[in-house]
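Q: just need the structure, nothing else, for what follows:
(chains A and B)
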Number of protein chains: 2
Amino acid sequence: MATGSGEPRIIVDAMGGDHAPDAIIEGAVQATIAGYRVVLVGHESVIRAGLARHDGAVAKSVEVIDAPEFVAMDEHAAQAVRAKRGASINVAMRAMKEGRGDAVFSAGNSGAVMASALFTLGRLEGVRRPPIAAVLPVQGSQLVICDTGANVDCEADHLIQFAYLGSRYSERMYGVAAPRIGLVSNGEEESKGNALVLAVHPRLAASSLNFVGNVEGRDLPFGKCDVAVCDGFTGNLILKLAEGMASFCFGLVRQVVMSRPHYKLAGAVLRPGLRSVSRGLDYTEHGGAPLLGVNGNVFIGHGSSNAKAVLSAIRIASRAVRADLLPEMQDAVRQSLVAAN
Amino acid sequence: MATGSGEPRIIVDAMGGDHAPDAIIEGAVQATIAGYRVVLVGHESVIRAGLARHDGAVAKSVEVIDAPEFVAMDEHAAQAVRAKRGASINVAMRAMKEGRGDAVFSAGNSGAVMASALFTLGRLEGVRRPPIAAVLPVQGSQLVICDTGANVDCEADHLIQFAYLGSRYSERMYGVAAPRIGLVSNGEEESKGNALVLAVHPRLAASSLNFVGNVEGRDLPFGKCDVAVCDGFTGNLILKLAEGMASFCFGLVRQVVMSRPHYKLAGAVLRPGLRSVSRGLDYTEHGGAPLLGVNGNVFIGHGSSNAKAVLSAIRIASRAVRADLLPEMQDAVRQSLVAAN
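A: Below is the predicted model of the structure:
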């Protein structure tokens, strides 16, 4: 670790996200109070002003690195990252590379986070396409979905690597022994799938991974696998549709409760229980998905991240550093290359 | 229509589905009681024995056509359809072609239904790839998803045609004026999407359809569009994941209710309201998705269709016949070809 002993230092892009910088600063302050070490990167005067609204001792313990520019949410990611050397995300990546922190988190333009990570940190040796591995809360566990958006068009080789990276991530971060790897498809039978899935299936079946076969959409919420392997287009759809459906269903329950006076009373009784399950499905409790396969710990947040999501992301990033994730990922890549040959 | 005046005759494959023939016969009887005309196709003796368990007058008004063979759920679809000329699904398609009915419904091997429809009925003129257009109940409306599994690997031309067919289907079957067409993608911006989506977007934007742009997974449950256009791999995932998430979320609510004595009491009060919303999301209430673009009214059901799903499918198929769907589909295909040139 760059920090030597002690709590990992998480570099946070203060300028990235729909609610930046306020929600990001607020999340950084909450994390600091919770005992995490945070480095904020962005317009120093704006960050200092934001921190000044909080308790003096806490504010002082948040380190700040100035960055004169930032990449907006709707900018062309790769171009902006190249053109704006002083953008907060670039400054954050360089700060990590120079050993001023152990992980980077940004809720900003995710294309820009990926581009900046690739340009500044590069890939681990042998990595084809770094995937994003977001986590979906499912029945009794955390489902790692790999990829959830970094690579919308994929080849079989890419998915094989996603499977190895996702498997090791599930193992090291969630303590799952021999994670069950599922291949997202339109049917359980090995004959089902699009051309990509049909090419990947026999290779996963022959791999050293604990491959449990194809998984269908209807099985994903029920914990039939620990890691769902798919291209980034598919994974992004799964993540967002699951989020949308959960919000839709709990919204329907709320409508029922509000529709009659005696339902309102019953709803008031059930509220604590319902709130706890709907909170379990809340993405802000699971903020921060790793970009796996780059040469550094990089975590990407929901554009709409609030302070709670920032706090969760800092917690996850700290855990990744403590789990010494990078050498694990390098080893997983090596295994995937053996499997490919 | 082949029947001339009166109630459309719906030909039902009695041998297709996980719960065939009992659930199919039961659904046919319920539909007959509800005033629909049903023709059952399959092993005549088995069907007659099944019907004999029901009221004599009802049983007599169900027509039966004998078919000596059937395609099993796990058989290779195209091969079985070619090899077994006397399979119930083939006999059903031929009966429709000969004017003995106006629509075919099967909950059997969906690959076999498609293959039999293509071999026996053929495509409407100009159709590239017939899609399945299943319906997902969403906030305040019915979302038509096209394709939901007939074509897992697609080209841009196919999706353009899915959009035209789906639009007209939404208009004629659900009374939506100028249906809003959404293109399923990993972001709302037109720059987001995989190679297929990027190729389709500008063509839909330039089409005569009411194209509302890309739709993300999280927007699908909230009625942002009336028709979601995608390849069959993606559409199948949407349909099944939405079903799985609804079942997961209502299962969590049930777990909360059962977890404490006073929650159980409150749950008993809310039960009628909750049951009504969860029933609204139940696929058995929306059984039967059309295979659009073949030269006949063909409806495909969930393999696990129960009697209620069969009844819904017969209802939908009858409505399609009454709406004179086939010439509408032919006209939609013509428009799609104009758009393509």
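
Q: any buried residues in the helix or strand in which A:Ala163 is found, and which?
A: According to DSSP states H and E, A:Ala163 maps onto helix A:156-174. Neighbour-count burial for helix A:156-174, with 16 or more other CB atoms under 10 Å in any protein chain shown as criterion, is recorded at A:156-174. Quick note: C-beta positions are derived from backbone N, CA and C, even for glycine.

Q: show me what the helix or strand just after it is packed against.
A: Using DSSP H and E, the helix or strand that follows helix A:156-174 towards the C-terminus is strand A:180-184. Judged by 3 or more CB pairs under 8 Å, 6 or more residues apart in numbering or on different chains; DSSP states H and E, strand A:180-184 is in contact with helix A:156-174, helix A:195-205, strand A:210-215, strand A:227-229, helix A:232-259.

Q: what do you get if the cut-off is 10 Å, keeping everything else the same?
A: Here strand A:180-184 touches strand A:141-146, helix A:156-174, helix A:195-205, strand A:210-215, strand A:227-229, helix A:232-259, helix B:232-259, going by 3 or more CB pairs under 10 Å, 6 or more residues apart in numbering or on different chains; DSSP states H and E.

Q: pick the most deeply packed of the ones you listed.
A: Stretch with highest mean neighbour count among the helices and strands packed on strand A:180-184: strand A:227-229 (a mean of 30; mean count of other CB atoms under 10 Å in any protein chain shown).

Q: quick one: that strand near chain B?
A: No. Counting by CB under 10 Å from any CB of the partner chain, chain B has no neighbours in strand A:227-229; the shortest distance is 10.7 Å.

Q: quick one: stretch A:193-202 near chain B?
A: Yes. With CB under 10 Å from any CB as the measure, stretch A:193-202 is seen reaching chain B through A:Gly193, A:Asn194, A:Ala195, A:Leu196, A:Val197, A:Leu198.

Q: not counting sequence-adjacent ones, nearest residue to the spatially most central residue of chain A?
A: In chain A, the residue lying closest to the centroid (CA atoms, centre = their mean) is A:Ala289, at 0.6 Å. For A:Ala289, ignoring the flanking residues on the chain, the nearest one in space by CB to CB, 6 or more residues apart in numbering or on different chains is A:Ala134 at 3.8 Å.

Q: surely the one you found meets A:Ala313?
A: No. The criterion here is CB atoms under 10 Å, and A:Ala134 misses it with A:Ala313 at 11.4 Å.

Q: pick out whichever of these two has more residues nearby.
A: Per other CB atoms under 10 Å in any protein chain shown, whichever of A:Ala134 and A:Ala313 has more neighbours is A:Ala313, with 29 against 25.

Q: pLDDT at the nearest residue to that one once chain neighbours are set aside, what is it?
A: Among residues not flanking A:Ala313 along the chain, A:Gly288 sits closest, at 2.8 Å (CB to CB, 6+ apart). Looking at A:Gly288, its pLDDT stands at 90.

Q: and chain A, what are its domains?
A: Following automatic domain parsing, one finds the domains of chain A at A:1-126+A:293-322, A:128-286.

Q: that older thread, mutual contacts of A:Ala134 and A:Ala313, please.
A: Residues touching both A:Ala134 and A:Ala313 (CB atoms under 10 Å, 6 or more residues apart in numbering or on different chains) are A:His286, A:Gly287, A:Gly288, A:Ala289, A:Ile300, A:His302.

Q: burial count for the first one?
A: The local packing of A:His286 (other CB under 10 Å) involves 20 other residues.

Q: what's across from the nearest residue to it once chain neighbours are set aside in the sheet?
A: Nearest residue to A:His286 in three dimensions, chain neighbours excluded: A:Val135, at 5.2 Å (CB to CB, 6+ apart). Under DSSP bridges, the beta-bridge partners of A:Val135 are A:Val144.

Q: just checking, A:Val135 touches A:Gly235?
A: No. Counting by CB under 10 Å, A:Gly235 is not a contact partner of A:Val135; they are 11.4 Å apart.

Q: what's the overlap in contacts for these two?
A: A:Ile145, A:Cys146, A:Thr148.

Q: and these, which is closest to chain B?
A: Checking the shared contacts of A:Val135 and A:Gly235 against chain B by CB to the nearest CB gives A:Thr148 as the nearest, at 9.1 Å.

Q: which pLDDT value goes with that closest one?
A: 96.

Q: repeat that for A:Ala340.
A: 66.

Q: nearest to chain B: which residue in the stretch 1-150 of chain A?
A: Closest point on the stretch 1-150 of chain A to chain B, by CB to the nearest CB, is A:Gly149, at 5.9 Å.

Q: count of neighbours near that residue?
A: For A:Gly149, using other CB under 10 Å, the count is 26.

Q: in chain A, where is pLDDT below threshold?
A: A:1-5, A:340-341 (pLDDT under 70).

Q: if we use 90, what do you get?
A: A:1-6, A:55-60, A:73-76, A:140-141, A:276-287, A:303-304, A:338-341 (pLDDT under 90).

Q: helices of that one, residue ranges please.
A: In chain A, the helices defined using DSSP state H lie at A:22-33, A:44-52, A:56-61, A:77-83, A:88-97, A:110-120, A:156-174, A:195-205, A:232-259, A:261-280, A:307-322, A:325-340.

Q: closest to B:Ala34 out of those helices?
A: B:Ala34 lies closest to helix A:232-259 among the helices of chain A, at 27.7 Å (CB to CB).

Q: that closest one close to chain B?
A: Yes. Among the residues of helix A:232-259, A:232-253, A:255-257, A:259 lie within reach of chain B under CB under 10 Å from any CB.

Q: how far off helix A:195-205 does that helix point, in degrees?
A: 100 degrees (axes from the mean of the first three to the mean of the last three CA atoms, to 10 degrees).

Q: gap between the residue nearest to the centre of chain A and chain B?
A: 14 Å (CB to the nearest CB, to the nearest Å).

Q: wait, that residue sits on A:Gln142?
A: No. When contacts are counted by CB under 10 Å, A:Ala289 is not listed as touching A:Gln142 (11.6 Å).

Q: common neighbours of the two, please.
A: A:Val135.

Q: surely A:Ser312 and A:Gly287 touch.
A: Yes. A:Ser312 lies in contact with A:Gly287 (CB under 10 Å); the separation is 3.9 Å.

Q: who has more neighbours out of those two?
A: A:Gly287 (29 against 21).

Q: which parts of stretch A:317-336 are buried?
A: By 16+ other CB under 10 Å, the buried positions in stretch A:317-336 come out as A:317-321, A:325-326, A:328-330, A:332-333, A:335-336.

Q: just curious, which of those residues is nearest to B:Asp282?
A: A:Arg319 (40.0 Å).

Q: for that closest one, give me its contacts.
A: A:Pro8, A:Ala103, A:Arg172, A:Met173, A:Tyr174, A:Gly288, A:Leu325.

Q: what's the answer for A:Gly149, then?
A: A:110-111, A:114, A:131-132, A:134, A:231-237, A:239-240, A:289, A:300, B:186-187, B:192.

Q: try 8 Å
A: Counting by CB atoms under 8 Å, 6 or more residues apart in numbering or on different chains, A:Gly149 touches A:Ser110, A:Ile132, A:Ala134, A:Gly232, A:Phe233, A:Gly235, A:Asn236, A:Leu239, B:Asn186.

Q: once you drop chain neighbours, what's closest to it?
A: A:Asn236 is the one closest to A:Gly149 (CB to CB, 6+ apart), at 4.1 Å.

Q: that neighbour and B:Pro68, how far apart?
A: Distance of A:Asn236 to B:Pro68, computed by CB to CB, to the nearest Å: 48 Å.

Q: so which of the helices and strands packed on strand A:180-184 gets nearest B:Leu121?
A: That would be helix B:232-259 among these, by CB to CB, at 19.4 Å.
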